[in-house]
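>>> Any chance you can model this:
(2 chains)
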Amino acid sequence: MKRLIVLGVALAALALVLAGCGSDGAEEKQADQVLKIGTLSPLTGPYAADGNDIRQGAEAAVAVIKAQGGIPGFSDIVVVPADSACDPKQAVAAANKLINDKVPAVVGAYCSSATIPASETLAEEDIIMITPASTSPVVTERGLPYMFRTCGRDDHQAPAAVKFMKEVADVKSVFIVDDKTTYSQGMADGVAAAAKEAGIEVLGHEHVNQGDKDFSAVLTMVKDRNPDLFYISLQNSSSGATMVIQARRMGINAILMGQDAVFHPKLIEFAKADAEGMFCTFGDIDTTTQGYLDFLANYSSKYSAPGAYSAYSYDSAMAYLLAVKAAGTTDPAAVRAELLKLSFDGASKTVSYDEKGDSGSNYTVYQVRDGQFVPYWNSLTGQKY
Amino acid sequence: MDYFIQQLINGLTLGGVYALIALGYTMVYGIIQLINFAHGEFFAAGGYMGVIFISWLAAQGVHPYVCLGIGLVLAMLYCAMLAMAVERLAYRPLRQASRLAVLLSALGMSIFLQNGLMLTQGQYDKAYPTEITAGGFQLGGLYISYMQCLIVALTIFLLVVLNLLVFKTRIGKAMRATAQDKVMSALVGINANHIIALTFAIGAGLAAAAGIMVGLYYGTVSYSMGFVPGIKAFAAAVLGGIGNITGAMIGGLIIGMVEIFAAGYISSQYKDVFAFIILIGVLYFKPTGIMGENVDDTRV
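Residues are numbered from 1 along each chain as shown, chains lettered A, B, ... in the order given. Below you'll find the predicted structure:
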């Protein structure tokens, strides 16, 4: 009798467990109706400015699609943000968190050194990843089927920068500094190689540490070698500003030039008058197109002015949402097919992806004038604005 | 030659900053044998307080150097009070506990303060109104900025004041007595808790001054700025002989100089490596640090 009772209790417990599983399954099915998009970007730490721009860009795209009536078959669209902190280890942990949250797609990450390991993790689960900001060539060169990129590539950016140095600025010598990340050093190496090829003398190529504030030793060296142009390839705009301030205070009169990570309104906010006249390469964004104006209206109503990568992030999320709409499902293979077919006028450019997942580069040189980045020279046409 | 002297000036400036921070480590260690890992956060908090006070005063149209002076004093006072609060909350209840417990408490406090800064001041860096101290002068082939002069002058001034305080006043005598023997000094009527709190306050005030100097010199402050200089300054304190005030000053200058010269003559990516090679080398031959010998009568 006792044994029967035990058996009965055990069975009842088992039934409860099974019932529990059943209800879980039902919940999941309901949750499937909600379309989730993960974002992966540095929300804390020194790169938080760009990281929050990326999250907000994706949120703005979702808001626009929802305002247009959403996507048939999905009751709601939500953004699930995750913090990569521009750190390879944390990016992988954050990617796993997004996998647990069952997102079918991720917009991100920011630093190439975080994007690359995170994309390996996401690829195992066939999750689509669209990076709005990682420009290292490696990102799309590994044959990952679900990896896409809305911004340009460094192997296009470096030649564009050097073409500007040679043809427009007409410099004879350059000094290069980077801060040893996959992106910043890759970019600096690219510029050094291209400059040598173009006959520009590379007077020095130094590396500083991420998070350094004191650049006096390196800058004294720059001043001593007296280059025509000082190329700053740091991973964020705040370090860039610190370097620009110190360089100008030290009396370095070389032309200053940065890349697309230094390009951010924060650079001017921090360096103020010292940033005047500095050049930066950045993917051209035509701020007069309808696509950009739509984005700006939606973005500015919710957040402050867009940062450097807001528009690219908006376009990345928009591309995914449009592809899901066309495919009618979140099945990665079907969405990938739609993404490859896609061509739409986004905020940053006309977005269309090639087989590798790249969407082409259109680097423009901007100059800081009166506290603003003003387009100066287009690398594709070779024309000044 | 100009290049060498220019780098020497850079090294002096950076070394001065490290020395100011290192003093806090060494004074606290001297008096309660605690490595106060939260010390770097006082440096960061001082930087933030400086930007708040100085920006506000500058916006009121106050003369730049008056802004700087008032901002400096207010930030130092603020950090001194913060440090006393930290000591009261996180360290005093553990006075009789094992040293490991206090060390963990210090690490926890460091994380707490850093995140507190991030949550109250935002994750973005803050810009100093650097234009108020911009400029410099040419001296032969050298270019010296006003900020470099200011950092070196202020460092020397604070070091002199600190030395007078510790070695020439009754409070200093009480601090030295407490460092040597807490029980004995209590018997002659010294309130050890007050003296320990005062030591924390002085150390944090010096760190706050360093935070403002760094903010003005380099242009920006960030909530995480305390970590790296904190580690370097700790290394400086150990190099000089932890617990010894003169040692901390010398250690700070050496670490700053080595960093700058390694960056200027070898490669900037190895500058930290060289700083720590020097540290390891000195400790190998002299485990107590450079000034570690007379630790018994001059430590605080």
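
>>> helix, strand or coil for B:V152?
Three-state call for B:V152 (DSSP: H, G, I helix; E, B strand; the rest coil): helix.

>>> and it, how many neighbours does it have?
Number of residues near B:V152 (other Cβ atoms under 10 Å in any protein chain shown) recorded here: 17. (Glycine included, C-beta is placed from N, CA and C.)

>>> now the one 5 residues further on
By the measure other Cβ under 10 Å, the count of residues near B:F157 is 11.

>>> can you count the residues close to A:F270?
A:F270: 26 surrounding residues under other Cβ under 10 Å.

>>> Where does B:L159 fall, secondary structure wise?
In the assignment (DSSP states H and E), B:L159 maps to helix B:146-168.

>>> Quick one: mean pLDDT over that helix.
Computed over helix B:146-168, the mean pLDDT rounds to 91.

>>> which helices and strands does it pack with?
Applying 3 or more Cβ pairs under 8 Å, 6 or more residues apart in numbering or on different chains; DSSP states H and E, one finds that helix B:146-168 contacts helix B:2-32, strand B:136-139, helix B:170-180, helix B:192-218, helix B:245-261.

>>> Any part of the fourth one near chain A?
Spelled out, it's helix B:192-218. Yes: using Cβ under 8 Å from any Cβ of the partner chain, helix B:192-218 reaches chain A at B:214, B:217-218.

>>> most surrounded residue in those residues?
Using other Cβ under 10 Å as the neighbour criterion, B:V214 leads the residues of helix B:192-218 next to chain A with 28 neighbours.

>>> For it, list the residues it contacts.
Neighbouring residues of B:V214 by Cβ atoms under 8 Å, 6 or more residues apart in numbering or on different chains: A:213, B:17, B:43, B:47, B:221, B:225, B:229.

>>> what about the first one, distance to chain B?
Between A:K213 and chain B the distance is 4 Å, computed by Cβ to the nearest Cβ, to the nearest Å.

>>> If I look at the residue nearest to that residue when sequence neighbours are not counted, what pLDDT would I see?
Residue nearest to A:K213 in three dimensions, not counting chain neighbours: B:Y218, with 4.3 Å by Cβ to Cβ, 6 or more residues apart in numbering or on different chains. The confidence metric pLDDT takes the value 87 at B:Y218.

>>> Could you work out the most separated pair of the contacts of B:V214?
Among the contacts of B:V214, the pair separated by the greatest distance (Cβ to Cβ) is B:V17 and B:V221, at 13.1 Å.

>>> quick one, which of these two is more surrounded?
Ranked by neighbour count (other Cβ under 10 Å), B:V17 and B:V221 place B:V221 first, with 30 against 27.

>>> so what's that one closest to, chain neighbours aside?
Here the nearest residue to B:V221 in space, its sequence neighbours aside, is B:G47; by Cβ to Cβ, 6+ apart that works out to 3.8 Å.

>>> In stretch A:178-198, which residues are buried?
Of all the residues in stretch A:178-198, those buried under the rule 16 or more other Cβ atoms under 10 Å in any protein chain shown are A:178-192, A:194-195.

>>> How far does stretch A:357-377 stretch from one end to the other?
Taking Cα to Cα, to the nearest Å, stretch A:357-377 runs 27 Å from one end to the other.
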